[in-house]
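Undergrad: next comes the sequence, and after it the predicted model I'd like to discuss.
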Amino acid sequence: NAGVTQTPKFQVLKTGQSMTLQCAQDMNHNSMYWYRQDPGMGLRLIYYSASEGTTDKGEVPNGYNVSRLNKREFSLRLESAAPSQTSVYFCASSLTGDQGNEQFFGPGTRLTVL
Amino acid sequence: GNSVTQMEGPVTLSEEAFLTINCTYTATGYPSLFWYVQYPGEGLQLLLKATKADDKGSNKGFEATYRKETTSFHLEKGSVQVSDSAVYFCALRRLTGGGNKLTFGTGTQLKVEL
């Protein structure tokens, strides 16, 4: 099993450009998440999907959109990138409910917006 | 709302020293508590967890006890190794209407030197 995979690993954008970060998991998990990690701020939840067909805002959703394409895939889109979105982005997945004690994380995407 | 406070780093120790990383939380009800570890260039991995008061989580020589009376979940290890150098995140989980959202602390960087 590959676990949680993310593409790309690195990306440099200019202000105003758009891009989609891809995430896939092969653990048959119902729930998926997108976080951003910034120095001194830990991980903050951007969006999550409790199950296929549903998405909800997290703590810092502004400037982002998500798509739960199917049970395996959950993408994050930046429509018009801003320097404030320079960060490391992590995707995670878990089971649902009381079974979902552990979230499994991908290796991250390091994004720089110039 | 929910919050997690952990000691700031970096924490620098000599090999075989005793480690404590403090973590306190604020939450309603009875959250589950976690420690995640992030090795350089990687995503987060679950290190240990505790789901109810007085539970002790343990893994790889690390331990943490869920103290409801002090709302704490301090991470300890009796003898650290250079390979333990990483960033450690304390987190809590509250079951919500959808998903298992985690609230993270800001992370504590540990450096272990020979």
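TA: That came in fine, so what should we check first?
Undergrad: please make it C-alpha for all contacts and neighbour counts, starting now.
TA: OK.
Undergrad: and chain B, which of its residues are near chain A?
TA: With Cα under 8 Å from any Cα of the partner chain as the criterion, chain B comes near chain A at residues B:32, B:41-46, B:89, B:93, B:95, B:98-100, B:103-107.
Undergrad: give me that answer again for 10 Å
TA: Proximity of chain B to chain A (Cα under 10 Å from any Cα of the partner chain) is limited to residues B:8-9, B:32-34, B:36, B:38, B:41-46, B:48-51, B:88-91, B:93-108.
Undergrad: find the residue at the geometric middle of chain A.
TA: residue A:34 (2.7 Å; Cα atoms, centre = their mean).
Undergrad: check the contact between that residue and residue A:47; I expect there is one.
TA: Yes: contact status for residue A:34 versus residue A:47: in contact at 5.5 Å, counting by Cα atoms under 10 Å.
Undergrad: circling back: the helix or strand where the residue nearest to the centre of chain A lies near chain B at all?
TA: Using DSSP states H and E, residue A:34 sits within strand A:31-38. Yes: applying Cα under 10 Å from any Cα, one finds strand A:31-38 in contact with chain B at A:31-33, A:37-38.
Undergrad: likewise stretch A:60-71?
TA: No: Stretch A:60-71 stays clear of chain B (Cα under 10 Å from any Cα), getting no nearer than 12.6 Å.
Undergrad: once you drop chain neighbours, what's closest to the closest residue to chain B within chain A?
TA: Nearest to chain B in chain A, going by Cα to the nearest Cα, is residue A:42, at a distance of 3.7 Å. Distances taken as Cα to Cα, 6 or more residues apart in numbering or on different chains place residue B:106 nearest to residue A:42, at 3.7 Å, with adjacent residues excluded.
Undergrad: contacts only, for the one you found.
TA: Residue B:106 makes contact with A:37-44, B:4-9, B:87-91 under the criterion Cα atoms under 10 Å, 6 or more residues apart in numbering or on different chains.
Undergrad: pick out the residue in chain B sitting closest to chain A.
TA: residue B:106 (3.7 Å).
Undergrad: in the sheet, which strands lie alongside the helix or strand of chain B with the lowest mean pLDDT, parallel or antiparallel?
TA: None of the helices or strands of chain B scores lower by mean pLDDT, DSSP states H and E than strand B:102-104, at a mean of 90. Under the criterion DSSP bridges, strand B:102-104 sits next to strand B:86-93 (antiparallel) in its sheet.
Undergrad: mind listing what the residue nearest to residue B:56 when sequence neighbours are not counted touches?
TA: Spatially, and ignoring its direct neighbours in sequence, residue B:56 is nearest to residue B:65 (4.3 Å; Cα to Cα, 6+ apart). Shown in contact with residue B:65 (Cα under 10 Å, 6+ apart): B:33, B:49-50, B:52-58, B:72-76.
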